[in-house]
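In: A structural model of the following input is requested.
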Amino acid sequence: MLFVFILPLIITAQTDTIHFDWKAGQVPDPSETKVQLTLWIVDLNNRPVKSLDLWLGLEGGGETIYHTQTDQRGKAYFLLPRGQRYLLSTADEADFQVVKTHDRSFVRSRLTVRYAPKTYEETVRNDTVYQIVPEEQMPTASRVLVLLTVTDFDGRPHEGEQLFFTYKSSPIAYVAQTDREGVARLMLPKGDSLFMHTLFERNLADFHFPNDRRAGRLRLRYRTIGTKAILAREAERKRQAAIRDSLAELARVRDSLDFIKGVADGKGLLSKYRWGASYSQIEGALQQLAEKTKQALAEDPTYFEQAGHEISAPLYRHRELWTNKVVVTDLTGSMSPYLDQVLLWHALAIIPGEHNRYLFFNDGDHKLTEEKKIGATGGLYRCEKQDMQQLLEAMKTTMEAGSGGESAENDVEALLSATSMMGEVDELVLIADNYSDVRDLELLSQLRIPVRIVLAGVENGINEDYLHLAYMTGGSIHTLEDDLFHLTHLNDGETIQIGGYSYRVNGGQFIQLD
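Out: Alright, predicted model coming up:
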């Protein structure tokens, strides 16, 4: 990969290099053609920089280079042709300042030059740059000193947090890692636009460092719950999803053994259909279940909430708002306990003239993880007719083509595909497993329709991925008892309470604080 460093200027003794080694009081007097130039080199705290090698070369290039070294007072002495422009360099800063000589005879000239010595160490591994930048390091003419502080939301420092800086025109990434005080230091090259990222979020901020000779500092502060907490939550979701997948597999085996006993109990109907129950059996059982459910709803409109039906409850509460909708449903293994609720809702036919279309997804059929490309993972199956048998067949086909196998799913890809099924008055509804992360959130900028997200399994709070999805599309979140319609009204830094858990909006992302 191509990466351009500001390389040290290394000049060896040559016939075209003139070395000056004068002490104070020994410098020859200026002449008609030569100017006596004294450079006083100081750091950014005005302390003299001692024993520093300096080179002066003509700005447009030339055959002669002039070299000397600063003394104990930080001063260096030159005798140079008058009326010229020179570029001043050190071993680690090439051409960092222009020096001009007066175009007059017998001139003595003095110039103070601010220079920040390089004290940081830098190593490159593959396409990543690692630095050790001590506290005494100052910004230089070619590098900006970045001081990054990472804390939690109560201001406590995060040690060992990593952030990454990438440039617009280069694949190289600079890594910053915080110390015990939550502070990281970086020396970043000038002359390009760059972006700041974490392991979990891209493009948190962007900057442009102009390629001028001013010494610059950039102070940044980033607040987060911390990598350890994020990874722990991700691992817990994976664990919970694996448990649910295992339970779903046990239920599948149970249903495969029990379906021959009949379907009148109204449980596991989709699974029993997969294992050989006839459509007429499933349809009869669904109709019986629908009649019982209608009676229960007539007696208690909160029947679904009381019975713990996490999918049916939001659909029933918003039956008059969502009369026409495209329902996008996750059919991976962990969703198995909830799929009969999708069938039941269709069988209830509560709203006259209700028109539903369905898109089911299984996260790429049986693809391996490395084969699942963002935006082209696949495993999408449609049912666009109001027909129970076609609905059953579409769900069966989707489940038999693949069962997911991972905690992250291709939700946004499925939603984008579903938009082509929508009419002008349709709602876009996503039915998803709260324990499954959204793999393809980077596609969200392409989704310009509000998404109504119905979540199953929110015992331990709402997965932040779905809050982000609803927030960015102007959509809403719906659980067994809660409806969150106004997420987009939240300002950055605000906190919202959902089901006993607190969430903070942070740069468009939601962070569960509990």
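In: can you tell me which residues contact Tyr358?
Out: Residues counted as contacts of Tyr358 (CB atoms under 8 Å, 6 or more residues apart in numbering) are 326-329, 342, 382-384, 391, 394. In short, each C-beta sits where N, CA and C put it, glycine included.
In: Sort out for me which of the residues you listed are in helices.
Out: Mapping the contacts of Tyr358 onto helices (DSSP state H) picks out 342, 391, 394.
In: Which one (most neighbours) among the residues you listed?
Out: When neighbours are taken as other CB atoms under 10 Å, the top entry among the ones in helices among the contacts of Tyr358 is Val342 (24 neighbours).
In: thought it was touching Val328?
Out: No. The pair Val342 / Val328 is not scored as a contact, 11.1 Å apart, by CB atoms under 8 Å.
In: For those two, list the residues in contact with both.
Out: 358, 431.
In: Quick check: phi and psi on Met421?
Out: Taking degrees, to the nearest 10, you get phi -90, psi 0 for the backbone angles of Met421.
In: Go ahead and confirm it touches Arg357.
Out: Yes. With contact defined as CB under 8 Å, Met421 reaches Arg357; the gap is 5.1 Å.
In: which residue ranges form the strands in the stretch 101-250 of the chain?
Out: 108-114, 121-125, 128-132, 143-151, 162-167, 170-177, 183-189, 192-197, 205-209, 217-223 (DSSP state E, counting those that start in this stretch).
In: Give me the contacts around the first one.
Out: Going back to what we said before, that points to strand 108-114. Residues outside strand 108-114 that contact it (CB under 8 Å, 6+ apart): 30, 35-44, 88, 97, 99, 101-102, 215.
In: Mind checking which of those residues land in strands?
Out: Judged by DSSP state E, the contacts of strand 108-114 include 35-42, 88, 97, 99 as members of strands.
In: coming back round to it: any idea which of the contacts of Tyr358 is closest to Leu297?
Out: Nearest to Leu297 among the contacts of Tyr358 is Val342, at 17.1 Å by CB to CB.
In: quick one on the thing from earlier: can I get the buried part of the contacts of strand 108-114 as one PyMOL selection?
Out: The following PyMOL line selects those of the contacts of strand 108-114 that are buried, judged by 16 or more other CB atoms under 10 Å:
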select buried, resi 30+35+36+37+39+40+41+42+88+97+99+101+215
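In: Below-threshold pLDDT in the protein: ranges please.
Out: Applying pLDDT under 70 to the chain picks out residues 1-15, 244-266, 404-405.
In: mind giving me the domain ranges of it?
Out: Here the domain parsing of the chain from automatic domain parsing is 17-114, 121-224, 229-512.
In: Could you check how far the last one is from the centre of its chain?
Out: Think domain 229-512. 25 Å (CA atoms, centre = their mean, to the nearest Å).
In: coming back round to it: okay if I get the strands of the stretch 101-250 of the chain as CSV plus distance to Gly74?
Out: Output for those, formatted as CSV (distance: least, CB to CB, whole Å):
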stretch, distance to Gly74
strand 108-114, 9
strand 121-125, 24
strand 128-132, 26
strand 143-151, 21
strand 162-167, 33
strand 170-177, 31
strand 183-189, 22
strand 192-197, 32
strand 205-209, 28
strand 217-223, 23
